[in-house]
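Engineer: Only the shape, not the letters, is given here:
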Ligand SMILES: N[C@](CS(=O)(=O)c1ccc(Oc2ccccc2)cc1)(C(=O)NO)C(F)(F)F
Ligand SMILES: [Ca+2]
Ligand SMILES: [Ca+2]
Ligand SMILES: [Zn+2]
Ligand SMILES: [Zn+2]
């Protein structure tokens, strides 16, 4: 998606507009907190959840046509997308609710029966702060989903965000 290069402020706000029925709301919110921490740990950025009004990063779960020119596609295929920094829809992150979202290390995640909301969110939030896809297979910003036990940011991801901020 087109957009600016980076945020012009470091104290980023986000708002969760709705929740997937696959997980408890507080489990989803915690997954987002952990996914933002991946990036705040290696940059000057801070991420604060707000509960009303317009946040920099508006997060929603939607399926098929969900109000922007990039409809989702049912189960599998596209899992999520996010816009680079900027006003309005820029910076926002959308998750395909036709996927089965899960967490933890249960068989559900490993057998590709479910997708890790934490991993996909961390990747999308990378886009929301201005990162493009990486060509490094083990990088979080690689555009192919893979379940990573004991997740750790790849040097390529760190280099990307530290180049920007
Ligand atoms: N929709 C994507 C592909 S996707 O299947 O939705 C996707 C794949 C992998 C994602 O995160 C992730 C990357 C590496 C390891 C685990 C999870 C996020 C989204 C994407 O990368 N969206 O950000 C593309 F490439 F634009 F088509
Ligand atoms: Ca926005
Ligand atoms: Ca899909
Ligand atoms: Zn969308
Ligand atoms: Zn991506």
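Structural biologist: Happy to help now that I have it. In this text, all values refer to a predicted model and were calculated from it rather than measured experimentally. Numbering: from 1, shown residues only. Ligands and ions are numbered 1, 2, ... in the order given.
Engineer: quick one: stretch 39-51 near ligand 1?
Structural biologist: No. Stretch 39-51 is not in contact with ligand 1 by CB under 6 Å from any ligand atom; minimum separation 13.5 Å. C-beta: built from backbone N, CA, C; applies to glycine.
Engineer: Flag every buried residue along that stretch.
Structural biologist: By neighbour count with 16 or more other CB atoms under 10 Å, stretch 39-51 contains the buried residues 39, 40, 42, 43, 45, 47.
Engineer: now the helices for the protein?
Structural biologist: For the chain, helices defined by DSSP state H occupy the ranges 25-40, 107-110, 117-128, 155-164.
Engineer: Around ligand 3, which positions in the protein sit nearby?
Structural biologist: 73, 77, 78, 96 (CB under 5 Å from the ion).
Engineer: still on that earlier bit, which one of the helices of the chain is the most hemmed in?
Structural biologist: helix 117-128 (a mean of 24; mean count of other CB atoms under 10 Å).
Engineer: Helix 25-40 and that one, what's the angle between them?
Structural biologist: Using axes from the mean of the first three to the mean of the last three CA atoms, to 10 degrees, the inter-axis angle of helix 117-128 relative to helix 25-40 is 50 degrees.
Engineer: quick one: contacts for the closest residue to residue 47 other than its chain neighbours?
Structural biologist: Among residues not flanking residue 47 along the chain, residue 36 sits closest, at 3.9 Å (CB to CB, 6 or more residues apart in numbering). If you count contacts by CB atoms under 8 Å, 6 or more residues apart in numbering, residue 36 has them with 14, 47, 125.
Engineer: Kindly reformat the residues you listed as JSON lines containing pLDDT.
Structural biologist: Compiled in JSON lines, the contacts of residue 36 are given as follows (pLDDT from 0 to 100):
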{"residue": "14", "pLDDT": "98"}
{"residue": "47", "pLDDT": "98"}
{"residue": "125", "pLDDT": "98"}
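Engineer: list the contacts for residue 16?
Structural biologist: 28, 29, 32, 49, 59, 60 are the contacts of residue 16 under CB under 8 Å, 6+ apart.
Engineer: An error on my part: the question was meant for residue 19.
Structural biologist: 25, 28, 61.
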